[in-house]
Structures are given as structure tokens and as C-alpha cells.
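Colleague: Pasting the sequence and the predicted coordinates here, then a few questions.
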Amino acid sequence: MNLESKILVIVGPTASGKSALAVTLARRFRGEVISADSRQVYRGLDVGTGKITKKEMRGVHHHLLDIANPKKQFTVAEYKKLAREKISQIQSRNKIPIICGGTGLYIDALLGNIAIPEVPPNLALRKKLERKTAPELFALLQMFDPQRAKTIDQHNPRRLIRAIEIIKAIGSVTPSQHTNILQNMRMIGLILPPAELKKKISRRLFVRIREYKMIQEVRELHRKGLSWKRMESLGLEYRYLSRYLRGFLTKTEMIEKLKTEIWRYAKRQMVWFKRNKEIKWFTPKEQRKIFSAVQVFLCQ
RNA sequence: GCGCCGGUCGGAUAGCGGCCAUUCCAGGAGACUGUAAAUCUCCCGCCCAUUGGGCAUCGGUGGUUCGAGUCCACCCCGGCGCA
């Protein structure tokens, strides 16, 4: 096995310290970081997404940040394509790609654990289907593709619509299979006790709000034409800050709501990552252990 | 002191004599085939069980009634009004 083909992946819930670890590992083992974050891809979403700053990068190259217009929807498929390109570019420079992020779907798609049908979103169709109720959509799906209907969540309109969209384009939803799995990679997960993570989340939120930058950022995004509706769909900070700016929530309500919502998000991330048995878990403080794990992996 | 209103699962709330005590928030467990920070599901009084079953419970104590969270009396607590 040659060193160039190895890939490092860092995952974990929000506020667990992934970005800092990625920088440290990149500096130590000659790596470049590829972000795996569905919100940090957007330009202008900085404070709210906790995007790493130039200074924090400490000279390490970072990829797939600020590559998309927030007014337009970025998708997993684009992510996978771009990230695969970045991986080979980095490897051709004889460096180690370090994939780092909290978006489980993006990481699994990139690694090849989830197959993504080659069917782009069909906005017109979606708009039409959105008027239907979940039972109606499910009935349609049962008619078109009974196979897929068996495994889908029949209460989830978004999934049902996507399935129908695929069927309209290519006839049926092919059974999911592992495709093109990336070899030679090591997954490192950062985890800390719930109480500690909660505390970190609150503290970080408090700082971002106190320094006023986050509220300014959201106000500015809206001034530049990012609709409130779009903010809602971006979730968390953008959703609740926009509700605050529109006067639906007081500042205190907004902060409380955000704290609990971010915590719930962190739990969802954990649920996703926990089922991946390849991830080796560490606490952020176990840096030495992480170093030696990486060392061993790179030398084998 | 008098009058009015209210006291229901951690918080808020529905319930106007009988059928499973409702809904929201918070809490917990999960799902995930191009929106994934999104979207969706389940649990959330106690005990046992595989479906299910058993026992509680609506501030307190009595009462009316075949039957009471719901009606009555008194008491306790909170709010408002009048003194």
C-alpha cells in the first residue's frame, strides 16, 4: 500500500472540535482538509455555520468551503463529485486528504456507502407533488414501484417525492448498494459526554451572539436577497435568527430555542454516526491517542 | 373580610356526568437512496407482557349519582376586583 492512497475522515457532532483536530493532523501528517458540511459550502454563511477562519486554518489548505451560492440549493451528488476530484488532486500532490465534517449523508455518499441515483432534482415535479398528502404520495409510489414502497418511510413526503422523481426519470428506484467504496481510509470520531457537549454548544452560541456578528450576518444575507423562506430551510441559526429578526421570537426565546435545537441536531448526528462500525471514537482531549492511531494507519 | 376566576403528566393547555384525559413545548429512542443544520417515526404516570394486559391519577376531604377531572359543600393555594 502506498501512502498517497490513504484517506483520513474526521466525524462527530457539532461543537466537538473536528475543525481544530483536522488542522492539527494536517500539519503533523502533511494533509489538506476537505470539508464535509452541507452548510459551510455556501458563501456568506460563516458565523452561523461555525466556518473555520483563515487564521484558524494555520496555513492548511481547506477545500469545499464557499463554493456555492446560498440562494441555490447544493446537493449531495455535487458534493460527492467535487470531493472525489479534490481527493485525487490532493493525493497527486502527495498529501493526505482529510475529510472533516458533520454531515453524515455527505460523508457516506462520498465514501460509497450510499448509492445516489443519477437523477437531478425536478423542481416543477416537486412543486406539483408537494400539494399532495403523504398517503396520496405513498399510493402513487406503490403503484409505480412496489419494491421501493416496501422500504420507504411512508410518512415522509420529502422522501416519497424524491422516490417518485426518480421513477419518473428512470422507471424505478434501483435497490441501494454500496458502490465504488473508497479504500484505505480511517474514520476518527470525536465524542464527549452529553453534559459537556451541551455546555460547549451553549458557550459557543453565547459568544457568537454576544459579538453580534451572527445577527449581523443574517441581517446582511437577507439584505442581499436571501429570502426568509430560504433561511428557514437552512435550519438552526439561520432559521431561528431569521424568526427573531422578523419579530416572531424575542431574543431570549431565540437563544433558548437555538440551544435546544442545536443539541437535538447533535443527537441526530450521533445517531447517524453510531451505526457506522468503522469509526474509532476518541474524546478531543485524547490527542496523543489519535496521533498514534493515525501514525499506525499511515505506516501500515 | 366579601366577590370573581383559576389549581389537570417537567412547563403550558383541552376537557363542561359515562367511551382510550387532549394538544403543544421540553425530555428520550430511532429512521434516512440528489433539500440532510433538512425531513420523518415512535415513547414520554407506574407495573408486567409478544400482540396486550393490570393498577393509578386531574389541589385536599367529604358528598350527590348506577357512574365525577367534570355537579355540591367545606378546606388549602394562586391571581384579579371591592373593601
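Modeller: Perfect, I can see it now.
Colleague: What's the first helix or strand after the host helix or strand of A:R162?
Modeller: Assigned by DSSP states H and E, A:R162 belongs to helix A:157-170. Counting by DSSP H and E, the element after helix A:157-170 in chain order, helix or strand, is strand A:185-190.
Colleague: Mind giving me the packing neighbours of that next one?
Modeller: strand A:7-11, helix A:18-29, strand A:279-282, helix A:287-299 (3 or more Cβ pairs under 8 Å, 6 or more residues apart in numbering; DSSP states H and E). For the C-beta atoms, the positions are set from N, CA and C on the backbone; glycine is no exception.
Colleague: Give the pairing partners of that strand; include direction for each.
Modeller: Strand pairing for strand A:185-190, determined by DSSP bridges: strand A:7-11 (parallel), strand A:279-282 (parallel).
Colleague: Need those strands in CSV (columns: distance to A:K213 and mean pLDDT).
Modeller: As requested, the strands paired with strand A:185-190 are arranged in CSV below (distance: least, Cβ to Cβ, whole Å; pLDDT from 0 to 100):
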stretch, distance to A:K213, mean pLDDT
strand A:7-11, 26, 95
strand A:279-282, 31, 94
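Colleague: Could you say which of these is packed most deeply?
Modeller: Greatest average neighbour count among these goes to strand A:7-11 (a mean of 24), per mean count of other Cβ atoms under 10 Å.
Colleague: all strands for chain A, in order.
Modeller: Assigned by DSSP state E, the strands in chain A fall at A:7-11, A:31-35, A:62-63, A:96-100, A:185-190, A:279-282.
Colleague: how close does the closest residue to A:L249 other than its chain neighbours sit to A:L236?
Modeller: In this structure, A:L249 finds its nearest non-sequential neighbour in A:R243, 4.9 Å apart by Cβ to Cβ, 6 or more residues apart in numbering. Between A:R243 and A:L236 the distance is 11 Å, computed by Cβ to Cβ, to the nearest Å.
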